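K.L.:
model this:
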Amino acid sequence: MSGNGRSWLLQGDQPVPVRGVPAGSEYHRAYAGEGRRVLRGILAIVLLVVGFVGFAVLFQRLSEVADLALFGRSGPSTPLRQAAGALGLAALIPYSMLVQRIVYGVRAGSLHSVAGRFRFGVLGRALLVFGPPLLLVVSVVALSGVKSVPWTTVDLISFFVIGMLLNPLAAAGEEYGFRGLLFRVFGGWTRGARSGAIFGIVMTTVLFSLAHGTLDPFLFTSYLVLFSSMAIVTWRTGGLEVAVVLHSVYNVTALVLATTLHVDVGAELANRGAAVGAWNNLAPSAVLVVITAIVWWMTRKGGPACTPEPAA
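P.N.:
Predicted coordinates:
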């Protein structure tokens, strides 16, 4: 994106050349080359799935051992189990960078953005503008009534601390794995940037929505909107910062509210396939559509952010 066409959201962002990434390319085209690199892409996908499942199983087993040894309890509804789930996802951040480096030879920092680094200014502006409305509308979903269960004070405080400290990292881990690594893999398999964006957005959205384990029409639609929004804003802004903000606010609000209302989140997640949604589950989707439209409008002049062109 040129300096004159740079949106307010991306002001102050000066991309630098990244070794292994084509100059003047959009975020999802970092792995595009003379060939389509299909075999490399398949290897990257396999490694991502192995990491996604492997970290989840590893941290879950560790939490089960610790819960039994320290507290004499087990089951999906313990603070250690929730922390384990968050840490398993957070581990995807360095892991995805490592996979990118090994499979494609691209510097790890480029997974953050086309600037070759994490743009904290972009994150701050996105949090300031988009965070409050998303927080409010996610809170509306809790008005439909929830089933409360008794918790000890220690457990409630533990859930709150975990929700505030670890769940933003968990949301970021999902973004680095799916809107970062996976989006780039699919985005590099087509001939053009626009077709790559469409293919990458559709594939990452559908696959990650299915991975959440429910086909309830309301819940599944909410996932489709959430994850397609994350992919689109990543494409338009040239990085993961805005997607990390939206996903973190969405998840942290829901989980901290669940703690406030004494909801058994672990049991609900364990039985997500049997969950039944309602129209109010789509309220956050409406706000996400508006936010995505705003990001698109803000980047309409310069187009999607790109890596810098070579110096003349």
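
K.L.:
low-scoring stretches of the stretch 1-150 of the chain, by residue?
P.N.:
The model of the stretch 1-150 of the chain has pLDDT under 70 over residues 1-6, 12-17, 19-20, 34-36, 145-146.

K.L.:
how about a cut-off of 80?
P.N.:
Counting by pLDDT under 80, the ranges of the stretch 1-150 of the chain that qualify are 1-7, 11-23, 33-37, 74-76, 142-148.

K.L.:
Look up how far Gln60 lies from the closest residue to Pro79 other than its chain neighbours.
P.N.:
Leaving aside its chain neighbours, Pro79 sits nearest to Ser158 (3.6 Å; criterion: CB to CB, 6 or more residues apart in numbering). To be clear about C-beta, it is placed using only N, CA and C from the backbone, and glycine gets the same treatment. Distance, Ser158 to Gln60, by CB to CB, to the nearest Å: 17 Å.

K.L.:
and what of Gly54?
P.N.:
As judged by CB to CB, Gly54 and Gln60 stand 11 Å apart.

K.L.:
biggest helix in the protein by residues?
P.N.:
For the chain, the longest helix by residue count, based on DSSP state H, is helix 38-71.

K.L.:
hang on, the earlier thing: which one of Gly54 and Gln60 is surrounded by more residues?
P.N.:
Taking Gly54 and Gln60 together and counting by other CB atoms under 10 Å, Gln60 has the greater number of neighbours (17 against 14).

K.L.:
Leaving out chain neighbours, which residue sits closest to that one?
P.N.:
Spatial nearest neighbour of Gln60, chain neighbours left out: Ala84 (5.2 Å); criterion: CB to CB, 6+ apart.

K.L.:
For the strand or helix carrying that neighbour, which helices and strands make contact with it?
P.N.:
Following DSSP states H and E, one finds Ala84 within helix 79-90. Applying 3 or more CB pairs under 8 Å, 6 or more residues apart in numbering; DSSP states H and E, we find helix 79-90 packed against helix 38-71, helix 153-165, helix 167-174, helix 265-270.

K.L.:
Could you say which of these is packed most deeply?
P.N.:
Highest mean neighbour count among these (mean count of other CB atoms under 10 Å): helix 167-174, with a mean of 23.

K.L.:
hmm, who's touching that one?
P.N.:
85-93, 208, 240, 244, 247-248, 250-252, 255 (CB atoms under 8 Å, 6 or more residues apart in numbering).

K.L.:
any idea which helix or strand comes after that helix?
P.N.:
Using DSSP H and E, the helix or strand that follows helix 167-174 towards the C-terminus is helix 183-187.

K.L.:
State the next helix or strand along the chain beyond that following helix.
P.N.:
With elements assigned by DSSP H and E, the helix or strand that comes after helix 183-187 is helix 193-210.

K.L.:
hey, C-alpha coordinates of the helix holding Ala84 in CSV?
P.N.:
The C-alpha trace of helix 79-90 is given here as CSV (Å, rounded to 0.1, in the frame of the first residue of the first chain):
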residue,chain,number,x,y,z
PRO,A,79,-9.0,-24.1,36.1
LEU,A,80,-6.0,-26.1,35.2
ARG,A,81,-7.9,-27.8,32.3
GLN,A,82,-8.9,-24.4,31.0
ALA,A,83,-5.4,-23.1,31.3
ALA,A,84,-4.1,-26.2,29.4
GLY,A,85,-6.5,-25.6,26.5
ALA,A,86,-5.4,-22.0,26.3
LEU,A,87,-1.7,-22.8,26.4
GLY,A,88,-2.1,-25.5,23.8
LEU,A,89,-3.5,-22.9,21.4
ALA,A,90,-1.0,-20.3,22.4
